[in-house]
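Chemist: Pasting the sequence and the predicted coordinates here, then a few questions.
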Amino acid sequence: MEREKTKPVIFSLAPIFYLVFSILFFKFVWVVPYPHPYALTIAGIFSYLQRSNRKFLFLQSAFRKNLYSVFPAMEILFFVGLLIASWAYSGVLFTMMQIGTSLIEPKFFLPSIAIVSAIAAMVSGSSWTTAGTLGVALMGVSKILGFPDVMSAGAIVSGCYFGDKLSPLSDTTNLASSLTHVPIWSHIRHMLKTTCFSFLLAVFCFYILNVFVWNPNLESLNPNQISFSEYLTKDIVYWKLIPVLIVFGSSFFHLPVRVSFLLGILSAFLFSLFEFGFSFEMLHSLVFGYKSQTGDQTWDLFLSGGGIVSILPTEILIFSAVWFGAVVEGFGYLNELLIHIKHWAKNQFDILLSTMGVSFLLNMMTADQYLSLVIPARAFRTLAIEKKIPEKDISRALEDSGTITSPLIPWNSCGAFMASSLGVPVLSFFPFVFFNLIHVFVSVSILIYKKIKLKSS
């Protein structure tokens, strides 16, 4: 078969180089507080100029397709801003913080919130639902107990993606299963072999970090600013958990995430109407975020947040990533990379490594985890059949990279969502997302080991 003509791989990787250089420039030379939208825009412009002889129609088509693929994520972000504001206004978040501080032991805090987040994500089938609801409350508990935000965010994201990965209700789990024609439960059982080991190791790392590296003394925290007996030991109003139960319970009826969030918003404000009556502050908080006025600056910081305005920077970031991804895909960079990789892949382990590598690159280039599953599955399906690779190995490889690495990239819709919901930049919590980092390392190491073993035999 005649080899397809492509440019040298260095030219195909040019957009990645432009992006890295742009990020470094805006971070260290011309310092701006929010560098990634600028970097994505500039990298897209340089990539466009390099292929300016291509038809503009290709760019338009790719832009529309990419925008359509990430629009649901942008829509859900909109609802998250409203949800956090409504729950803060109605006291739902405060009630969740009360319960969290009463049930979770500070000396086991980090491993505990990783496990709780995992259970919630497995039940709801959504890492986003868990992070946007329970995760926000756990971050409040973290602040109260004196844990660094970056550690707590890392534990929450780890738990969210472990639970999401093994949930039969998860959209990415079902997508990877359907793309490779593997029954959902066979797909989940096959992932257990590496996923459970990685999560247990991550929980152990959180325990070590909690006990030996950062173990705050609760009684010595902010003694002059916060009266824990006054705030946290108030009678818990359990009926305020009804919006939480509605959001998580709706997953059993397979309702879309945006519908679940909308029900959570409406129920929270309905209870607020009965308790406080109507106030224009209720509507103001939906747009500009809820501003707590307890009289204590520290508590006001804990209990304020949300609103449409708070998620606008994240929406701009995703939109910038759509532009960059449209140039990469529309002007042929992505297709050239796939051709290079196909020529490199010689055996089943090469193909599985290529599947993971392409999924990661697509998470970076297109900012959408769904495309990071769909495109590699289609691109390597024929090769996988030729090499007689079990379909469940391909489905696991897709999730081991496409799903797991999506929250580790700041401009990916998943990374942007986690950062916006938890209030911690991706690059800040990145070193503490132990499950995701360990799992990628374990998965790649197993493939490399098998490849070396095959060559030696």
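Modeler: Looks like it came in fine.

Chemist: can you pull the buried residues of the helix or strand hosting Phe206?
Modeler: Taking DSSP states H and E as the criterion, Phe206 maps to helix 184-208. Applying a neighbour-count criterion of 16 or more other C-beta atoms under 10 Å, the buried positions in helix 184-208 are 184, 187-188, 190-191, 194-195, 198-199, 201-203, 205-207. (Each C-beta comes from the backbone N, C-alpha and C, glycine too.)

Chemist: Read off the pLDDT value for Pro216.
Modeler: As summarised for this prediction, Pro216 has a pLDDT of 62.

Chemist: where does the host helix or strand of Met74 sit relative to the chain's centre, distance-wise?
Modeler: Assigned by DSSP H and E, Met74 belongs to helix 56-90. Averaging C-alpha positions (C-alpha atoms, centre = their mean, to the nearest Å) puts helix 56-90 14 Å from its chain's average.

Chemist: Following element in sequence after the worst-scoring helix or strand of the chain on mean pLDDT, please.
Modeler: Across the helices and strands of the chain, mean pLDDT, DSSP states H and E gives its lowest value to helix 228-231, namely a mean of 49. Following the chain from helix 228-231 toward its C-terminal end, the next helix or strand by DSSP H and E is helix 242-249.

Chemist: and of the buried residues of helix 184-208, the nearest to Ile446?
Modeler: Lowest distance from Ile446 to those (C-beta to C-beta) belongs to Thr194, with 7.0 Å.

Chemist: Pull the contacting residues for the closest one.
Modeler: In this structure, Thr194 makes contact with 396, 400, 439, 442-443, 446, judged by C-beta atoms under 8 Å, 6 or more residues apart in numbering.

Chemist: Poorly predicted segments of the protein, please.
Modeler: Filtered on pLDDT under 70, the chain yields the residue ranges 1-7, 215-234, 295-299, 457.

Chemist: centre of the chain versus the following helix or strand past the helix holding Met74, how much separation?
Modeler: Tracing the chain past helix 56-90, the next element assigned as helix or strand by DSSP H and E is helix 92-103. Taking the mean of its C-alpha atoms, helix 92-103 sits 24 Å from the chain's own mean (C-alpha atoms, centre = their mean).

Chemist: quick one: contacts of helix 92-103?
Modeler: Under the criterion C-beta under 8 Å, 6+ apart, external residues in contact with helix 92-103 comprise 84, 86-88, 134, 136-138, 140-141, 144-145, 232, 234, 236-238, 240-241, 243-244, 268, 302-303.

Chemist: between that helix and helix 242-249, how many degrees?
Modeler: Angle of helix 92-103 versus helix 242-249, following axes from the mean of the first three to the mean of the last three C-alpha atoms, to 10 degrees, is 80 degrees.

Chemist: Now helix 92-103: buried residues?
Modeler: Burial within helix 92-103, assessed by neighbour count using 16+ other C-beta under 10 Å, is assigned to 92-101.

Chemist: Can you tell me which of these lies closest to Ile156?
Modeler: Distance to Ile156 across the buried residues of helix 92-103 (C-beta to C-beta) is lowest for Gly100, with 11.9 Å.

Chemist: wait, which of the buried residues of helix 184-208 is closest to Ser272?
Modeler: Distances from the buried residues of helix 184-208 to Ser272 were compared by C-beta to C-beta; the smallest belongs to Phe206, at 35.6 Å.

Chemist: my guess is that closest one meets Pro111, correct?
Modeler: Yes - between Phe206 and Pro111 a contact is recorded at 4.3 Å, counting by C-beta atoms under 8 Å.

Chemist: List the buried residues of the helix holding Met74.
Modeler: Using 16+ other C-beta under 10 Å as the test for burial, helix 56-90 gives 58-59, 62-63, 65-67, 69-70, 72-74, 76-90.

Chemist: do stretch 431-439 as well
Modeler: By neighbour count, with 16+ other C-beta under 10 Å as the criterion, the buried positions of stretch 431-439 are 432-439.

Chemist: List of residues touching that stretch?
Modeler: Applying C-beta under 8 Å, 6+ apart, the contact partners of stretch 431-439 are 114, 150-151, 153-155, 157-159, 161-162, 194-195, 198-199, 201-202, 205-206, 209, 400, 404-405, 407-408.
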